[in-house]
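Engineer: Test case, fold it:
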Amino acid sequence: DKTGTLTEGRPRLVERRTLAGDDAAADALAAALAAQTEHPVSRAIAAALPAATLALSAVQVRHGRGVEATSADGRAVWLGSRRLAAERGALTAEVEAALDTHEALGRSVTLLGEGTNTLALFAVADTLKPGARAAVAELKALGIVPVMLSGDHEAAARAVAAEAGITEVSAGLLPEDKLGAIEALQRRHGATGMAGDGLNDAPALARSDLGFAMGAAGTDVAIEAADVVVMNDDPRRIAETVRLSRATHAVLVQNITLALGIKAAFLALAVFDDATMWMAVFADMGASLIVVFNGLRLLRHGRAPAGDRV
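Structural biologist: A predicted model of the protein is given here:
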């Protein structure tokens, strides 16, 4: 996932533009609608505008699209993505041109509308996490193919992907689309992991072979659906988990081989009447101690600075 996983997940409003009506009225309506959802983009809009004071009814949050409601005077109002604007028939040539300009810069654009009219445009920008590019490079070094799945427009998603070093991108995805993308990747590559933080990522996290949730900023639903929770939201911990799991697998194979090999050797000696009591003790307790000390080598893989653990 892009927002909150590869990026900081704390976008800020960088530009607003009124397309119809009054600036103050548009801001008040946008603030009221943005307050209805916990999506990072909505929070960024709400934080940059005056506190919401308008009363809304029949509020409907449409995951992956935006939020719709009815104003106090009975108007059907909405705040959401290009997809929602298209469904409302509000994508004019002027609006599309403005969207293309901002999305080419890697910004996420949210539109405010009433019925089939677009009233205002809000562009927010997010920054890549400091360790995101290193995390992608580490995954590639481990032989893992990184793929970005995002609900943002393709231009915005590709701008972030290029900065992170990812070449394969699927954008404009709804929650069910992300689920379908994971299933397609599983058919193509086999075992597939998913890292995300939001409500929109939960179906994909649950369907993946191994789900990673960003624990600090992640939603409860995403954390519940995941198998691993990264408590400090550092994507580099994903590669660390893979390395640790591979080391654990290797140690397990070694321990099983050692334990069975020692007992098989003692059995052969016993069959030929060459076994002694001390050999029996070594085959039992000695083998146990060997596998324990061999397993303790994993502690070296799990060491990390305080506050930097998975």
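Engineer: What ranges does the stretch 201-310 of the chain have for its helices?
Structural biologist: Ranges of helices in the stretch 201-310 of the chain, per DSSP state H, counting those that start in this stretch, are 202-207, 220-225, 236-271, 277-281, 287-295, 299-302.
Engineer: Quick one: the ones you listed as CSV, columns for mean pLDDT too.
Structural biologist: Formatted as CSV, those follow (pLDDT from 0 to 100):
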stretch, mean pLDDT
helix 202-207, 91
helix 220-225, 86
helix 236-271, 89
helix 277-281, 81
helix 287-295, 86
helix 299-302, 70
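Engineer: tally of neighbours for the nearest residue to Leu6 once chain neighbours are set aside?
Structural biologist: Closest residue in space to Leu6, ignoring its immediate chain neighbours: Ala132 at 4.6 Å, by C-beta to C-beta, 6 or more residues apart in numbering. Where you see a C-beta, it was placed from the backbone N, CA and C, and this is true even at glycine. By other C-beta atoms under 10 Å, the residues close to Ala132 number 23.
Engineer: and Ala132, what is it in contact with?
Structural biologist: Leu6, Thr7, Ala164, Pro235 (C-beta atoms under 8 Å, 6 or more residues apart in numbering).
Engineer: Inside helices: which ones of the residues you listed?
Structural biologist: Members of the contacts of Ala132 lying in helices (criterion: DSSP state H): Ala164.
Engineer: Farthest pair within the contacts of Ala132?
Structural biologist: Thr7 and Pro235 (10.0 Å; C-beta to C-beta).
Engineer: For the closest residue to Gly106 other than its chain neighbours, give its distance to His39.
Structural biologist: Nearest non-adjacent residue to Gly106, counting by C-beta to C-beta, 6+ apart: Ala159, 3.2 Å away. Distance, Ala159 to His39, by C-beta to C-beta, to the nearest Å: 20 Å.
Engineer: Look at those two and report which has more neighbours.
Structural biologist: A direct count of neighbours by other C-beta under 10 Å for Ala159 and His39 places His39 higher, at 25 against 18.
Engineer: before we move on, the earlier item: looking at neighbours, which among the contacts of Ala132 is most surrounded?
Structural biologist: Of all those, Leu6 has the most neighbours under the rule other C-beta under 10 Å, reaching 26 neighbours.
Engineer: ok, and what's touching the host helix or strand of the residue nearest to Gly106?
Structural biologist: In this structure, Ala159 sits in helix 154-164 according to DSSP states H and E. Residues from elsewhere that reach helix 154-164 (C-beta under 8 Å, 6+ apart): 2, 6-7, 100, 102-109, 126, 128, 132-133, 136, 148, 150, 167, 169, 171-172.
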